[in-house]
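sequence first, then the predicted structure:
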Amino acid sequence: MSDKQKKTIFSGVQPSGKLTLGNYLGAIRNFPILQEEYNCVYCVVDMHAITVRQDPPSLRRSTLEVLAQYIACGLDPEKSILFIQSHVPAHAELAWVLNCYTMFGEASRMTQFKDKSAKHTDNVNVGLFSYPVLMAADILLYQTDLVPVGVDQSQHIELTRDIANRFNGVYSDTFTIPEGYYPKAGEGAKVMSLSDPERKMSKSDENENGYILLMDQPEVIMRKFKRAVTDSEARIVMDPVGKPGVSNLLQIYALATGKTVAEAENEFAGKGYGEFKPAVGEAVVELLRPIRETTEDLLKNKDYLEKVYTEGAQKANYLARKTLDKVYRKVGFVAR
Ligand code: TYM
């Protein structure tokens, strides 16, 4: 199939701190699978990250680390466009235009905004509020068909569709209407915290036992899984409502080993949590080992990473500019 006939994929990950097993199983794991069949554009969204305070040297380091992790997880810069958001000015430019086509009420309903503003009460900035509009710009600039993300992003994808439909309605077809591409329930769509399995696994969790980082050392991973919250009934079966901790571990085990949940349940039938939890830990250690090692190697090769993000930004810029020019013309700006 020629590139013109292929559908386009866009996704992004924030470099705010370290990536977790949730980011991997919910989103990044699917990125390389898609690059064979689609035109793929994957971005490190550093502009989104500054909606909460970042330490500048850490942000720079994390941005390169996410890029290295993209490659370590199987993305090939020859096949996919990999770039850093702030290197392509069209993102900020389109976000401004789309701000004028997004209603205050719509943006106020976003649960991520409500959660983050409750968490950072001393810094409820306008960027945090218009964050989903920048995300809409990211997606719409590339005429994206599919957006692989975890289910926590579904509200933002719906808003993106609403904004695109509104703009197309006023000015005739300008943007492709994108769709979210989510893992199936129980297949990583929402990986839960190990210390509080009612909440999603998140790098901003205050309790570091709640999340596994892609860069965690094996002994740290083992310790966190041994401490994972389960329940008092020693039965290893999938029951997300009654047994959220055990169900989360079963899901992680199945994804890490490539087994089905039913196979995992059979394997542990009659066994106790003392045997189950370290087995999940070992499976995750093996899953993450090559990713961590390759990331460490890539981070030593800054010249290579620079080449990847420079070339990626050039390609992204070309595509993004085409859409932005069209938008500027439609809203009535004088051509440069
Ligand atoms: P971010 O950086 O919080 O997360 C990156 C990706 O990881 C997924 N994810 C999870 N999936 C399953 N279980 C979890 N516990 C879990 N935690 C995170 C997220 O759904 C996401 O796919 N707003 C986005 C970044 C973004 C973006 C975009 C994404 C900016 N522009 C355009 C797609 C398209 C975010 O905060 O992701």
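Done, it's in.

quick one: contacts for Phe225?
Phe225 makes contacts with 194, 212, 249, 277-278, 280-281, 284, as judged by C-beta atoms under 8 Å, 6 or more residues apart in numbering. C-betas here are computed from N, CA, C, even on glycine.

among the residues you listed, which lie within helices?
Counting by DSSP state H, the part of the contacts of Phe225 found in helices is 249, 277-278, 280-281, 284.

on that earlier part again, what subset of the contacts of Phe225 is buried?
194, 212, 249, 277, 280-281, 284 (16 or more other C-beta atoms under 10 Å).

my read: His91 touches Met47, true?
Yes. Using C-beta atoms under 8 Å, His91 makes contact with Met47 at a distance of 6.5 Å.

now do the shared contacts for these two.
Listed contacts common to His91 and Met47 are 85, 134; contacts here mean C-beta under 8 Å, 6+ apart.

out of everything not next to it in sequence, what's closest to Cys43?
Nearest residue to Cys43, sequence neighbours excluded (C-beta to C-beta, 6 or more residues apart in numbering): Gly12, at 4.2 Å.

in terms of pLDDT, where does the residue of the stretch 101-250 of the chain found nearest the ligand sit?
Relative to the ligand, the nearest point of the stretch 101-250 of the chain is Gly150 (2.4 Å; C-beta to the nearest ligand atom). For Gly150, the model assigns a pLDDT of 94.

hmm, back to that, from the contacts of Phe225, pick the one nearest Gln85.
Ile212 (25.7 Å; C-beta to C-beta).

please enumerate the strands of the stretch 51-200 of the chain.
With DSSP state E, counting those that start in this stretch as the criterion, the stretch 51-200 of the chain has strands at 80-84, 146-148, 179-181.

okay, the ones you listed, which one's buried deepest?
strand 80-84 (a mean of 24; mean count of other C-beta atoms under 10 Å).

partner strands of that one, with direction?
strand 39-44 (parallel) (DSSP bridges).

contacts for the helix or strand that the strand it pairs with is followed by next, please.
The helix or strand immediately downstream of strand 39-44 is helix 46-49, counting by DSSP states H and E. With contact meaning C-beta under 8 Å, 6+ apart, helix 46-49 is reached by 12, 14-16, 59, 62-63, 84-86, 91-92, 131, 134-135.
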